[in-house]
Structures are given as C-alpha cells and as structure tokens.
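**Student:** Build me a model from this:
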Amino acid sequence: MKRYCLTVDLKNDPAVIEAYKKIHKNVWPDILERIKADGITVMDIYNAGNRLFMIMEVKDDFSFERKAASDAADPRVQEWENFMWTFQQELPWAKPGEKWVLMDKIFELT
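**Tutor:** Next comes the predicted model:
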C-alpha cells in the first residue's frame, strides 16, 4: 500500500469554504465509485483556513497517469472536477493546469 499527500487552496472566502465542506458531506455516488475503481482505498481531506490537504492510500499498482486518463475519459468526473474548480484556486507553485499538488514527505516518526 502506498500513501500520497496532496494540497490545493480554496478561494479565500468563508462562504466558498463552507459550501465546499457541505458538498463533501454528500459527494456524488458515481464519483466515489470511480475513485475506488481507480485503486484509491483511502481518501481523507482536511482543511485549515482555505488550504486543503488530502491523504490517499492506494493499491500497489496505482498510477497517477492511469488515474488522469481514467478521469479524462469519464464525462461525469469532468463535470465534478469543473464544479470543484469553481471553489478551488491554483497554488502559486503549481504547474500550468495542475490542481492538487503532490507534497514531499520531509519527516517520519520511526
């Protein structure tokens, strides 16, 4: 099992942040199915202010490239992503078109 951590910002507006939280209490069922079908076994999202932090645990054969291709081929996922982008904003260091940015692990308690 592999674990990845990613981050993105929400627009810095309390109403937007609250709306985003509310939406994530009732994620579209077909989006949840797609996430699981692509090999993601755990997905937790946390927030502090307008910053979001996602922890994903994935099957050993998971690939971000395959996940991106699967998402691009699914109109419902594209609808969800476009909807989510109305709440989110690009991080200053993100690559063009990159939403969630993969974080580097810098510490591990052993």
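
**Student:** So which residues of this protein form helices?
**Tutor:** 14-23, 29-37, 64-72, 75-85 (DSSP state H).

**Student:** confidence score at Ala19?
**Tutor:** pLDDT, Ala19: 98.

**Student:** For Val101, see how far away the closest residue to it other than its chain neighbours is.
**Tutor:** Take Ala19 and drop its neighbours on the chain: the residue closest to it by CB to CB, 6 or more residues apart in numbering is Phe87, 6.7 Å away. C-beta here means a position set from N, CA and C on the backbone, and glycine is covered the same way. To Val101, Phe87 is 16 Å away according to CB to CB, to the nearest Å.

**Student:** between these two, who's got more neighbours?
**Tutor:** Neighbours were counted for Phe87 and for Val101 using other CB atoms under 10 Å; Phe87 has more, 20 against 15.

**Student:** Is it correct that that one is in contact with Lys11?
**Tutor:** Yes: if you go by CB atoms under 8 Å, Phe87 and Lys11 touch, sitting 6.3 Å apart.
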